[in-house]
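Chemist: model this:
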Amino acid sequence: LLLLAAGAAYYLRRYFHTAGGKAQLDAWLLRAPVAGTLIRMISVSRFTRTLGTLLQSGVPALTALDIVQSVIGNTVLAEAVRKARENVREGESIADPLRRSGLFPPVVVQMVAVGEKSGELEKMLLKVSDSFDRTVESRIAALMSLVEPAIILVMGLIIGLIVIAILLPILQMSSGVR
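Modeler: Numbers count the residues shown, from 1 in each chain. Coordinates of the predicted model:
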């Protein structure tokens, strides 16, 4: 069983290092119950912060979207950014392809649309990133406060099992001596 588990882990690791496997893993991670929301928020924050900083520095939008695509960290979201880049190259706004992808939260799409119309896209992107960063920090803190009691409980069970494993043979030996 140990050999089978090691073999399965090896082949899964190899599969998830391929392009298709990485995309499948990233899609699954985005759908994961608790972690999926956090992963999406972190990736979107990375997207908005990097894009806002690049645009603020005077980098052309198409080049900035190219760079952001490689920085985002999730292949599913990177593919959505790639499609958005292609649509922007054809003259469309950035917000519309992001909305059509369904992967970006509505508030991000709305802020991008407002930023494009007002001419202050960079500022809007940085504000969205700041907001998402604060939200991620508070959610991680809340998760950690929930995980701490579970860790203490598991540690107590492990210590209890160790104590029983030590005391049981001693009790058996002492009952056999009489």
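Chemist: what about the helices in the protein?
Modeler: Along the chain, counting by DSSP state H, helices occupy 2-16, 19-31, 35-56, 61-71, 75-89, 95-101, 106-118, 121-177.
Chemist: Local confidence estimate at the residue nearest to residue 77 when sequence neighbours are not counted?
Modeler: Spatial nearest neighbour of residue 77, excluding adjacent residues (C-beta to C-beta, 6 or more residues apart in numbering): residue 43 at 5.1 Å. Heads up, the C-betas are built off the backbone N, CA and C, glycines and all. pLDDT, residue 43: 92.
Chemist: which residues touch residue 43?
Modeler: 72-74, 77 (C-beta atoms under 8 Å, 6 or more residues apart in numbering).
Chemist: And the buried ones among those residues, selectable in ChimeraX?
Modeler: Buried residues among the contacts of residue 43 (16 or more other C-beta atoms under 10 Å), as a ChimeraX selection:
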select :72,74,77
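Chemist: Pick out the lowest-pLDDT one from the contacts of residue 43.
Modeler: residue 73 (83).
Chemist: Was I right to think that one contacts residue 46?
Modeler: Yes: taking C-beta atoms under 8 Å as the definition, residue 73 is a contact partner of residue 46 at 6.2 Å.
Chemist: circling back: what about the residue nearest to residue 77, distance to residue 71?
Modeler: From residue 43 across to residue 71, the span is 10 Å (C-beta to C-beta, to the nearest Å).
Chemist: Kindly report the same for residue 79.
Modeler: 14 Å.
Chemist: Residue 78 too?
Modeler: Residue 78 is 9 Å from residue 71, by C-beta to C-beta.
Chemist: so what's the most centrally placed residue in the chain up against?
Modeler: Nearest residue to the geometric centre of the chain (C-alpha atoms, centre = their mean): residue 39, 1.9 Å. Listed by C-beta under 8 Å, 6+ apart, the contact set of residue 39 reads 29-30, 32, 74.
Chemist: How confident was the prediction at it?
Modeler: pLDDT at residue 39 comes out at 91.
Chemist: now residue 178
Modeler: Residue 178 is given a pLDDT of 58.
Chemist: And for residue 70?
Modeler: Residue 70 is given a pLDDT of 88.
Chemist: hang on, it packs against residue 81?
Modeler: No: here residue 70 does not reach residue 81: they are 9.4 Å apart, not a contact under C-beta under 8 Å.
Chemist: Tell me which of the two has more neighbours.
Modeler: Between residue 70 and residue 81, residue 81 has the larger neighbour count (other C-beta atoms under 10 Å), namely 26 against 11.
Chemist: Alright, calling it a day.
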